[in-house]
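Colleague: Okay, structure incoming, though there's no sequence with it:
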């Protein structure tokens, strides 16, 4: 297994991931990053499109689980409770332990699981280290932190390579 952080596809938003197609690929668990993947930073409530997408996942028998590195105690829990889904903050991505704990809590294997995130060196690399299919989405909101522009620029070659490897 290569540890090069190349995602299996790059999608404009999590809602571009079709739940029916995920089920057809035997996906039963979607681990999703919170900040800049499901929502913009500091937003505590899911948008209607995320609520609808979460509902379609449930209809297909797929669990959604928020896997976040956030250290803000109420941030992840409030968002997850609004969707009525499980969550884990302080996950330590790109370490694989947080991914393994989440899969264990949900009774799923790496083969049944995907990670969806906006960052190559946390979400994608961590998923690869845990043996999970990594899927990259464009950041919900890039503006705000100048460090994000630098990080995304460094990630560009991996993002481009991921575009040539669609999962769905």
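Modeller: Happy to help now that I have it. Quick caveat: nothing in here was measured; it's all calculated off a predicted structure.

Colleague: which intervals of the protein have sub-threshold pLDDT?
Modeller: 1-2, 143-145 (pLDDT under 70).

Colleague: quick one: the helices in it?
Modeller: 19-24, 48-59, 73-83, 97-106, 125-129, 146-163 (DSSP state H).

Colleague: helices or strands next to the first one in the packing?
Modeller: Other elements packing on helix 19-24 under the criterion 3 or more C-beta pairs under 8 Å, 6 or more residues apart in numbering; DSSP states H and E are helix 48-59. (C-beta placed from N, C-alpha, C; glycine too.)

Colleague: Any idea what the closest residue in space to residue 77 that isn't next to it in sequence is bridged to?
Modeller: Sequence neighbours aside, residue 87 is the residue nearest to residue 77 in space, at 6.3 Å (criterion: C-beta to C-beta, 6 or more residues apart in numbering). Counting by DSSP bridges, residue 87 is bridged to residue 66.

Colleague: hmm, back to that, quick check: which of the helices of the chain is buried the most?
Modeller: A comparison of these by mean neighbour count, using mean count of other C-beta atoms under 10 Å, puts helix 125-129 on top with a mean of 25.

Colleague: Residue 148 versus the closest residue to residue 141 other than its chain neighbours, what's the distance?
Modeller: Computed as C-beta to C-beta, 6+ apart, the closest residue to residue 141 that is not its neighbour in sequence is residue 40, at 4.1 Å. Distance of residue 40 to residue 148, given as C-beta to C-beta, to the nearest Å: 12 Å.
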